[in-house]
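1. Give me a model of this one.
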Amino acid sequence: MKPFRKSLAAVGTVRQRAENEALQAYAVALLNRVRAMERLRAAEQALSAAQADWQRQAAEGCDAQVMARHSAHCSNLSHTRLERTRQLAEAERLAEARMQELLFARQQRQAVDRFHARQRLAYDRAVAREEQKALDELAHRRVDSLQSELMQEASLC
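-> Below you'll find the predicted structure:
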């Protein structure tokens with residue numbers, strides 16, 4: 001019997017490559033999400049520190065110009081925090097989309113793998129049938145050979 005050959009081997013290779021690319025894209029998206037979280041955390045800490053400094057200086061009594069500068073600085077930091085929050089939401093949305101793409105690519109590859117497994121099982125069954133046929137034929141020949149020998153011996157007696 002001819003050796004086993006995957007009929008969709010090229011498709012399997014393409015699907016495996018697509019899954020690997022999707023996995024890499026997902027890893028990059030997760031890394032970007034972590035970085036966005038870190039930037040947001042840093043912006044929140046900076047805003048919190050600036051607000052604490054503003055409150056401390058207000059309690060000590062400072063002139064209006066210094067208070068206005070601190071207020072503007074806190075406002076800028078607040079806008080920065082808001083922008084970083086938006087960036088984090090976008091990074092999370094992108095990570096989710098990349099995960100869905102990865103899951104789809106994995107399903108596509110697994111479909112080809114299941115097809116190959118069924119193909120291999122059918123091939124193995126066909127090989128087993130051929131081997132069994134050959135063994136049965138060999139056994140039948142052996143029985144025929146023994147019967148003819150016994151008949152020859154019986155005719156000699």
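2. use CA for all of it now, contacts and neighbours both
-> Will do.
3. Report how many residues lie close to R141.
-> Residues lying near R141 (other CA atoms under 10 Å) number 12.
4. now swap in the one 5 residues further on and tell me
-> Taking other CA under 10 Å as the criterion, the count of residues near L146 is 12.
5. Quickly note the distance from it to S7.
-> 45 Å (CA to CA, to the nearest Å).
6. M37 now?
-> 47 Å.
7. who's more crowded, the two?
-> M37 (19 against 11).
8. hang on, the more buried one packs against L88?
-> Yes - using CA atoms under 8 Å, M37 is in contact with L88, at 6.2 Å.
9. show me where this protein has helices.
-> All helices of the chain, identified by DSSP state H, fall at 9-60, 64-156.
10. So for the first one, mean pLDDT?
-> Same thing as helix 9-60. In this model, helix 9-60 carries a mean pLDDT of 93.
11. Next, give phi and psi for K6.
-> For K6, the backbone dihedrals (degrees, to the nearest 10) come out as phi -70, psi 120.
12. Give me the nearest residue to it, chain neighbours excluded.
-> For K6, ignoring the flanking residues on the chain, the nearest one in space by CA to CA, 6 or more residues apart in numbering is H116 at 6.4 Å.
13. What count of nearby residues applies to A154?
-> Using other CA under 10 Å, A154 has 9 other residues around it.
14. Local confidence estimate at it?
-> We have a pLDDT of 72 for A154.
15. ok, it - contacts?
-> Residues near A154 by CA atoms under 8 Å, 6 or more residues apart in numbering: none.
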